[in-house]
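K.L.:
Could you look at this predicted model? Sequence included:
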Amino acid sequence: MKAIIAIDSFKGSLSSLQAGEAVREGILRVCKDAAVQVRPLADGGEGTVEALTIGMGGELRTVTVTGPLGEKADAQYGILDDGVTAIVEMSAAAGITMVPDGKRNPLYTTTYGVGEMIRDAIRKGCRRFIVGIGGSATNDGGVSMLQALGYGMLDENGRQVSFGAQGLQMLKSITDDKVIPELRDCSFRIACDVRNPLCGESGCSAVYGPQKGATPSMIVQMDKWLKEYADLAAAFNPGADPEYPGTGAAGGLGFAFLSFTNAVLESGIHIVLDETRLEEYVKDADVVITGEGRLDGQTVMGKAPIGVAKLAKKYGKPVIAFAGCVTPGAVKCNEHGIDAFFPILRGVVTLQEAMDSLNARKNMADTVEQVFRLMNVLSDA
């Protein structure tokens, strides 16, 4: 039997590869001669850097950058073994979890550190970038990131505007004479699963501003400033389009990438499946194993396990999913390629006990073992 495992992380408990190894252990307890391969899986959000970098034989790198509040922070990104591909999560430098509730204010939070990560990777020889832009604390239109890459985002006196959305208010001109030269040779695959435009009722300020600390009056102001920024960007680059789906992602970071770099916005899971070449492994498998920490009705909305299941069904492969927990809504997964799913909890425990990595690994391996015992019985019947 040949089994391919591509399972998302159980956040706070098991990484993608740790979960995969636990599944592998459970299978081999029953099918000792099985050929079992573990492939990394993520959806472009949290955990993507670790899953892809470690899973594809790369190296994690930590660099000191400017955090979302302007303070120094350590951010981690990955460089794959080809030496030219970097895996970056914007949340490592400008994530909302880096900002305490009482200090969340998009007028001041900055994406400068995201640009610093990219700049560091360029200096290390990277020219291909896979960038996850979920979980931002910012609404600055990516202006600060662009400043870190050498763009002049200038006020009426020719000085760089200040960090945060407040800087947009002062923005009067854009220059590129000091952009790091290597940027022109770089390409960016941006993992973006939202369709919001930059401005308006569905724009980043109105939809995502409140969770980042924006008041109603701030939202109105920021939306106005972003419209003015988009007009300046269009004068600088006629291809800049604030209505393009996804330009409002991460407080306008999607717009910055599309307008000022060689970038495309793509589904996160599509990027991961493509970059890991999972299809090459799945097409020859006898069974495909996937899953995530929680299977529910939202899983079918473009999350990683469904991406794996759709790929497996392209070749008619059976798909089994394992999860830390499942909800009644998870039955939708059966309509989208997952043939059967199983929660791994094996008793009444506290959340802390369930999340403990040693417990989770044991629960996973034990549950997988029993499922494959049943499969063996049925195959011999």
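P.N.:
Nice, thanks for sending it over.

K.L.:
Contacts only, for residue 290.
P.N.:
Residues in contact with residue 290 (Cβ atoms under 8 Å, 6 or more residues apart in numbering) are 5-8, 41, 304-305, 308-309, 319-321, 338. Quick note: C-beta positions are derived from backbone N, CA and C, even for glycine.

K.L.:
looking at it, residue 43 is touching residue 307, isn't it?
P.N.:
Yes: with contact defined as Cβ atoms under 8 Å, residue 43 reaches residue 307; the gap is 7.5 Å.

K.L.:
So these two - more neighbours on which side?
P.N.:
Ranked by neighbour count (other Cβ atoms under 10 Å), residue 43 and residue 307 place residue 43 first, with 28 against 24.

K.L.:
coming back round to it: list residues touching both of residue 43 and residue 307?
P.N.:
269, 272.

K.L.:
List the neighbouring strands of the helix or strand hosting residue 189 plus their orientation.
P.N.:
Assigning secondary structure by DSSP states H and E places residue 189 in strand 187-191. Applying DSSP bridges to the sheet, strand 187-191 is found paired with strand 128-132 (parallel), strand 263-266 (parallel).

K.L.:
got the buried residues for the next helix or strand after that strand?
P.N.:
The helix or strand immediately downstream of strand 187-191 is helix 204-208, counting by DSSP H and E. For helix 204-208, burial by neighbour count (16 or more other Cβ atoms under 10 Å) applies to 204-208.

K.L.:
can those go into a markdown table with extra columns for pLDDT and distance to residue 15?
P.N.:
A markdown table is the format used below for the buried residues of helix 204-208 (pLDDT from 0 to 100; distance: Cβ to Cβ, whole Å):
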| residue | pLDDT | distance to residue 15 |
| --- | --- | --- |
| 204 | 97 | 30 |
| 205 | 97 | 34 |
| 206 | 97 | 35 |
| 207 | 97 | 30 |
| 208 | 96 | 27 |
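
K.L.:
Now do the same contact list for the residue lying closest to residue 55 once chain neighbours are set aside.
P.N.:
Once flanking residues are discounted, residue 55 sits nearest to residue 40: 2.6 Å by Cβ to Cβ, 6 or more residues apart in numbering. By Cβ under 8 Å, 6+ apart, the contact set of residue 40 is 6, 16-17, 20, 51-52, 54-56, 272, 276.

K.L.:
Residue 305 and residue 289 touch, don't they?
P.N.:
No: counting by Cβ under 8 Å, residue 305 sits too far from residue 289 to count as a contact (9.9 Å).

K.L.:
Restricted to strands, list the contacts of residue 40.
P.N.:
residue 6 (DSSP state E).

K.L.:
nearest to residue 117, of the contacts of residue 40?
P.N.:
residue 52 (15.2 Å; Cβ to Cβ).

K.L.:
so what's that closest one up against?
P.N.:
Residues near residue 52 by Cβ under 8 Å, 6+ apart: 40, 42, 58, 78, 80, 87, 130, 272, 275-276.

K.L.:
now do residue 225
P.N.:
165, 168-169, 171.

K.L.:
for the lowest-mean-pLDDT helix or strand in the chain, which positions count as buried?
P.N.:
Least confident helix or strand of the chain, by mean pLDDT, DSSP states H and E, is helix 351-355 with a mean of 89. By neighbour count on 16+ other Cβ under 10 Å, the buried set for helix 351-355 is 354-355.

K.L.:
what sits up against the helix or strand containing residue 362?
P.N.:
Of the helices and strands defined by DSSP H and E, residue 362 is found in helix 357-380. Residues outside helix 357-380 that contact it (Cβ under 8 Å, 6+ apart): 10, 13-14, 18-19, 21-23, 25-27, 29-31, 287, 289, 320, 322, 324, 342-346, 349, 353-354.

K.L.:
buried subset of those residues?
P.N.:
10, 13-14, 18-19, 21-23, 25-27, 30-31, 287, 289, 320, 322, 324, 342-345, 354.
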